[in-house]
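S.K.: Below: sequence and its predicted model.
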Amino acid sequence: MTNKELLAVEKGNVRKDWAGKIRIALAYPNHYHVGMSNLGFHAVYGLLNHHQDVVCERVFLPQDSRATHGGLRSLESQRPLGDFDIIAFSISFENDYPNLLTLLTDGGIPRWSSERDTPHPLVIAGGVTAFLDPEPIAPFVDCFLVGEAEPILDAFLDVYRRHSDKQALLEALAVHTPGMYVPSLYDLAYNADGTIAEFRPRAGVPVKVQRVAMKDLSSWDTSSVILTPHTTFRDTYLVEAGRGCHHACRFCATGFIYRPPRFRPKDALQNCLENGTARANRIGMMAAAVLDVPYMEELCQKALDQGVEFSFSSLRADCLTPDILDILRRSNFKTVTIAPDAGSERMRRVVNKGLDEQDVLRAADLLVGAGIPNLKLYFMIGLPAETMSDVEAIVALCKQVKHQFLKASRATKRIGQITVSLNSFIPKPSTPFQWVPLENVKILRAKIKHVKEGLRRVANVRVHSDVPRWAYIQALLSRGDRRTAQLLAAAHENNGNWAKTLKASIVNPDFYVYRERSFDEILPWDFIDHGINKAFLVEEYHKALREEASPPCDMGRCKACGVCK
């Protein structure tokens with residue numbers, strides 16, 4: 001579709017006169033339907049356009065590369081990127097890093113920060129990757145906004161308005177504004193073995209960059225700004241119900257980098273639902289653990305009585321109550337995803353999942369009994385300490401779920417489909433597993449094959465898996481340092497041919513992907529201060545190896561990890 005056709009079916013986009021305003025191109029480094037399915041992208045678009053002296057327009061990766069022969073342009077006014085004061089990238093996934101370079105190049109903007117001078121737009125970046133590990137794209141970005149958008153954007157704009165000189169602006173941001181990371185103001189030195197010897201700030205620049213968080217989620221209604229049929233959530237009004245997750249699964253960054261977990265207050269969430277009911281027939285509730293919100297059932301039931309339906313970003317198998325099942329049924333759910341994450345009880349203790357086999361089987365029984373015909377089971381392979389017995393346990397659990405599924409389906413006289421999703425575990429920064437390597441791609445392939453073979457003859461069960469070689473690339477981009485930028489630039493020049501890029505590279509990618517890291521090593525992301533004591537993460541790692549569970553985060557009432565002082 002053309003930009004004009006996309007705009008024609010949107011409801012809620014913002015058009016402003018450019019005169020006298022700060023001109024910001026909000027860029028999502030993927031296609032339109034992906035970016036417009038991202039609630040964080042909506043939030044930033046709304047926050048920026050809320051300022052009277054700011055005009056914010058969107059930029060996406062074109063579906064057809066031929067569309068950029070005249071230069072990449074913004075969606076709203078069709079202006080070239082060079083006409084904007086700021087290009088702001090919202091990046092949620094490391095696999096989108098190569099697209100950042102594509103957007104800059106197609107927009108006629110030099111890729112490397114060092115090659116951009118005063119006439120060029122300032123290039124900034126935010127999103128969850130900015131406070132995981134921004135280093136692989138640090139040489140391409142002038143300034144990272146490290147933290148949550150609501151408090152950090154206002155602070156950034158306050159400083160921006162006071163400085164016309166780029167270097168003075170960057171120094172003011174880095175020195176005086178929490179959450180601002182300016183890579184050019186930090187120098188790195190490396191040991192002979194390739195590890196980081198020193199991460200050295202220039203004079204006056206803080207050693208650590210504080211991750212900025214919003215204390216009260218009621219201060220801004222984080223919900224859909226624009227409705228369009230051309231998204232993953234077609235014409236669905238998305239609402240953020242909470243931020244972070246108190247379950248603290250050891251593989252998941254969400255449970256650590258968003259601490260403390262917060263729920264949107266009841267009155268604020270009610271207001272979001274009322275706005276959504278007025279604008280759409282379906283509301284999508286977004287949070288890492290939606291059903292943990294204590295008043296979720298009550299508010300959803302009220303909205304259902306007004307004729308809307310609901311979708312949920314996640315459902316824990318141990319949180320299915322009669323009211324939740326009724327909400328799913330009345331919302332015409334056809335498929336529900338639950339995530340055992342691991343097949344064996346042992347591995348679920350290792351990752352601190354807090355679910356047992358009976359929780360999963362009970363969930364299958366309840367969902368089918370509620371008239372939901374299809375079930376999706378999410379598993380990871382390649383987790384720390386995993387053995388082939390644990391992989392075989394995935395097969396066994398799926399067969400047990402199928403048995404329960406079939407038994408419950410007899411009552412409804414309708415047998416649906418079970419989809420098993422296998423996903424390679426990728427170690428993430430700022431988690432207890434940040435030191436472990438990715439499992440070898442050949443072993444990941446063998447484990448996937450084992451599960452597929454084990455379930456091949458089981459009727460009504462389909463197995464989907466990721467591609468381990470792409471997991472390798474994501475692991476590289478998730479935990480690389482600044483030298484990884486050379487690989488990104490080369491991959492861009494090779495039109496995305498990673499095999500050719502890695503073969504020719506003088507940077508050894510296995511150094512970042514397959515190497516176990518020591519606890520005393522300086523990690524590329526150690527300069528980001530999440531408030532979590534590294535000793536806490538080390539202890540959680542040791543507890544994982546001892547197969548010991550940890551209690552859920554106590555929502556601001558304990559001092560275990562260091563975030564709640």
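M.R.: On my side now, so go ahead. Residues are numbered from 1 along each chain as shown.

S.K.: The stretch 151-300 of the chain: strands as residue ranges?
M.R.: Taking DSSP state E, counting those that start in this stretch, the strands of the stretch 151-300 of the chain run over residues 180-181, 186-190, 196-201, 209-210, 236-240, 242-243, 262-263, 282-286.

S.K.: Highest mean neighbour count across the ones you listed, which stretch is it?
M.R.: Highest mean neighbour count of the strands of the stretch 151-300 of the chain: strand 180-181, a mean of 28 (counted as mean count of other Cβ atoms under 10 Å). In short, each C-beta sits where N, CA and C put it, glycine included.

S.K.: Okay, now the sheet partners of that strand, with direction.
M.R.: Applying DSSP bridges to the sheet, strand 180-181 is found paired with strand 143-145 (antiparallel).

S.K.: Can you give the distance from the partner strand to the centre of its chain?
M.R.: 17 Å (Cα atoms, centre = their mean, to the nearest Å).

S.K.: Any chance you could list what contacts that strand?
M.R.: The contact list for strand 143-145, computed with Cβ atoms under 8 Å, 6 or more residues apart in numbering, reads 122-126, 130, 134, 138, 152-153, 156, 170, 173-174, 179-183.

S.K.: picking that back up, now the strands of the stretch 151-300 of the chain as CSV including mean pLDDT and distance to Cys561?
M.R.: What follows is the strands of the stretch 151-300 of the chain, written out as CSV (pLDDT from 0 to 100; distance: least, Cβ to Cβ, whole Å):
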stretch, mean pLDDT, distance to Cys561
strand 180-181, 98, 22
strand 186-190, 98, 26
strand 196-201, 97, 23
strand 209-210, 97, 16
strand 236-240, 96, 23
strand 242-243, 95, 16
strand 262-263, 94, 15
strand 282-286, 96, 24
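
S.K.: Asn374 contacts Thr335, correct?
M.R.: Yes - counting by Cβ atoms under 8 Å, Thr335 is a contact partner of Asn374 at 4.0 Å.

S.K.: Looking at the two now, which is surrounded by more residues?
M.R.: Asn374 (18 against 14; other Cβ atoms under 10 Å).

S.K.: quick revisit: quick check: neighbours shared by Asn374 and Thr335?
M.R.: Common neighbours of Asn374 and Thr335 are listed as Thr419 (criterion: Cβ under 8 Å, 6+ apart).

S.K.: Please give me every residue in contact with the closest residue to Gln306 other than its chain neighbours.
M.R.: Here the nearest residue to Gln306 in space, its sequence neighbours aside, is Thr277; by Cβ to Cβ, 6 or more residues apart in numbering that works out to 5.4 Å. When contacts are counted by Cβ under 8 Å, 6+ apart, Thr277 touches Ile283, Ala303, Gln306, Gly307, Val308.

S.K.: Now flag whichever of the residues you listed is closest to Lys4.
M.R.: Nearest to Lys4 out of the contacts of Thr277 is Ile283 (Cβ to Cβ; 28.9 Å).

S.K.: can you give me the helices for the stretch 351-500 of the chain?
M.R.: 357-369, 388-412, 441-455, 468-479, 484-493, 498-504 (DSSP state H, counting those that start in this stretch).

S.K.: Off-centre distance for the fourth one?
M.R.: Taking the mean C-alpha point of helix 468-479 and that of its whole chain, the gap between them comes to 15 Å (Cα atoms, centre = their mean).

S.K.: And the second one, by the same measure?
M.R.: Its chain's C-alpha centre lies 30 Å from the corresponding centre of helix 388-412 when counted by Cα atoms, centre = their mean.

S.K.: Report all helices and strands that that helix contacts.
M.R.: Counting contacts by 3 or more Cβ pairs under 8 Å, 6 or more residues apart in numbering; DSSP states H and E, helix 388-412 packs against helix 345-350, helix 357-369, strand 374-381, strand 418-424, helix 441-455.

S.K.: would CSV of those with distance to Lys399 and mean pLDDT be doable?
M.R.: As requested, these are arranged in CSV below (distance: least, Cβ to Cβ, whole Å; pLDDT from 0 to 100):
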stretch, distance to Lys399, mean pLDDT
helix 345-350, 16, 98
helix 357-369, 11, 94
strand 374-381, 11, 97
strand 418-424, 10, 98
helix 441-455, 8, 98
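
S.K.: okay if I get these as a markdown table plus distance to Arg58?
M.R.: Converted to a markdown table, the helices and strands packed on helix 388-412 look like this (distance: least, Cβ to Cβ, whole Å):
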| stretch | distance to Arg58 |
| --- | --- |
| helix 345-350 | 41 |
| helix 357-369 | 37 |
| strand 374-381 | 31 |
| strand 418-424 | 30 |
| helix 441-455 | 36 |
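
S.K.: The residue most central in space within the chain is in what secondary structure piece?
M.R.: Against the mean C-alpha coordinate of the chain, by Cα atoms, centre = their mean, the closest residue is Ser92 at 4.6 Å. Under the criterion of DSSP states H and E, Ser92 resides outside all helices and strands.

S.K.: contacting residues around it?
M.R.: Counting by Cβ under 8 Å, 6+ apart, Ser92 makes contact with Asn38, Gly40, Gly127, Val128, Thr129.

S.K.: Check Phe199 too.
M.R.: Counting by Cβ under 8 Å, 6+ apart, Phe199 touches Tyr186, Leu188, Val207, Ile522, Asp526, Phe527.

S.K.: Need those residues in a markdown table (columns: distance to Val395).
M.R.: Converted to a markdown table, the contacts of Phe199 look like this (distance: Cβ to Cβ, whole Å):
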| residue | distance to Val395 |
| --- | --- |
| Tyr186 | 48 |
| Leu188 | 46 |
| Val207 | 49 |
| Ile522 | 41 |
| Asp526 | 39 |
| Phe527 | 43 |
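
S.K.: From these, pick the one nearest Lys543.
M.R.: Relative to Lys543, and with distances defined as Cβ to Cβ, the nearest of those is Asp526, at 21.6 Å.

S.K.: How many neighbouring residues does Arg346 have?
M.R.: Applying the criterion other Cβ under 10 Å, we find 15 residues in the vicinity of Arg346.

S.K.: any idea which element the closest residue to Asp17 other than its chain neighbours lies in?
M.R.: Among residues not flanking Asp17 along the chain, Val55 sits closest, at 7.6 Å (Cβ to Cβ, 6+ apart). Secondary structure from DSSP H and E places Val55 in strand 54-60.
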